[in-house]
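> Model the structure of this input:
(one chain, ligands or ions: 1)
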Amino acid sequence: MTSSNLYDGLRSTPPEPLRPVRALAVGAHPDDIEFGAGATLARWADAGCHVVMAVVTDGSKGAWDPATDPERLARRRREEQRRAAVVIGAATVVHLDHVDGELEYSMALRAEMALLVRRHRPDVVLTHDPWQRYQMHPDHRVTGMAVNDGVVAARDPLFFPEQRLAAHRPGALLLWSADEPDHLEPVTAAFMERKAAALLCHTSQAETTMEGADGDAAAEARFRARLLARAEADGERLGGPAGEAFRRLTP
Ligand SMILES: [Zn+2]
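Numbering: from 1, shown residues only. Modelled structure (predicted):
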């Protein structure tokens, strides 16, 4: 045995893309899931995967105009999320309707996430990376941590027995916006277009997150180019084709 053989088993190689039959994506706000994993979810949905999108907050602070009515904005964003889910091909959108920007970590929130996992029984769960350095938005940090901890609770039957649902252990937890991604889901131009189209359903967010891409063709082109550049950079970083990059944990 040569020394190179000795290390073969330890060498880390980029894992193969996943092929889940059921997937659960959890985002803090309407549009977060599409930014993090829109192309991947569209590809899985086309392959027959049952995709559930769960949105934790109502998005009621997602505007820069101080005259915005938060309740009207929340209603509008719910409808935008519904349309985006149709573009992705998701089976269901679950709205947990916590107040935007005020999400706090609690055992109750962890239980809510465990309940989602036990109810929908996904092979793969996707969410924000709660360990992303310098992530300013509290909802992103709290959602990521609550989903991570909810996955652990969902898998172990002595957590939350009052839920009266069988424990469930997903095969993988994929974290988007990771500082140290180690998993790539490849994308094609067609699936990047689905991701862009889904994001562009969130017209209330055109000003804040999409470079004014609300019916303005030039702005939409800039937005699409930014998404594509990001996918190419992520692919290059992981030594693969253009893709969506994640940190992959095994529950
Ligand atoms: Zn967000």
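> Look at residue 175 and give its secondary structure.
strand (DSSP: H, G, I helix; E, B strand; the rest coil).
> Output the set of residues of this protein in proximity to the ion.
Residues of the chain that fall close to the ion, judged by Cβ under 5 Å from the ion: 28, 29, 32. C-beta: built from backbone N, CA, C; applies to glycine.
> give the contact list for the first one.
The reference is to residue 28. 55, 56, 57, 103, 128, 137, 139, 140, 142, 143 (Cβ atoms under 8 Å, 6 or more residues apart in numbering).
> Secondary structure of the second one: a strand, I assume?
In this case it means residue 56. Yes. Assessed with three-state DSSP, residue 56 lies in a strand.
> by contact count, what packs against the strand or helix carrying residue 235?
Here residue 235, judged by DSSP states H and E, is contained in helix 217-237. Applying 3 or more Cβ pairs under 8 Å, 6 or more residues apart in numbering; DSSP states H and E, one finds that helix 217-237 makes contact with strand 183-186, helix 189-200, strand 243-249.
> For the protein, which segments count as helices?
Under the criterion DSSP state H, the chain contains helices at 3-8, 32-46, 70-88, 107-120, 138-155, 189-200, 206-209, 217-237.
> So for the residue most central in space within the chain, what's the nearest residue that isn't a sequence neighbour?
Residue closest to the mean C-alpha point of the chain, counted by Cα atoms, centre = their mean, is residue 33 at 3.6 Å. Of all residues not flanking residue 33 in the chain, residue 27 sits nearest, at 3.9 Å (Cβ to Cβ, 6 or more residues apart in numbering).
> right, and the one you found touches residue 55 too?
Yes. Here residue 27 lies in contact with residue 55, judged by Cβ atoms under 8 Å, at a distance of 5.7 Å.
> Can you pull the residues that touch both of those two?
Common contact partners of residue 27 and residue 55 (Cβ under 8 Å, 6+ apart): residue 33.
> Pull up the distance across stretch 237-251, start to finish.
25 Å (Cα to Cα, to the nearest Å).
> is it true that residue 192 touches residue 39?
Yes. With contact defined as Cβ under 8 Å, residue 192 counts as touching residue 39 (5.4 Å).
> Take the contacts of residue 28 and lay them out in JSON lines including neighbour count.
JSON lines is the format used below for the contacts of residue 28 (neighbours: other Cβ atoms under 10 Å):
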{"residue": "55", "neighbour count": "26"}
{"residue": "56", "neighbour count": "30"}
{"residue": "57", "neighbour count": "26"}
{"residue": "103", "neighbour count": "22"}
{"residue": "128", "neighbour count": "29"}
{"residue": "137", "neighbour count": "14"}
{"residue": "139", "neighbour count": "24"}
{"residue": "140", "neighbour count": "24"}
{"residue": "142", "neighbour count": "22"}
{"residue": "143", "neighbour count": "29"}
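> quick one: contacts for the residue nearest to residue 33?
By Cβ under 8 Å, 6+ apart, the neighbours of residue 27 are 33, 36, 53, 54, 55, 56, 127, 128, 143.
> Repeat the analysis, applying 10 Å as the threshold.
33-37, 53-57, 81, 126-128, 139-140, 143-144, 147, 176 (Cβ atoms under 10 Å, 6 or more residues apart in numbering).
> Since that was my last question, I'll sign off now.
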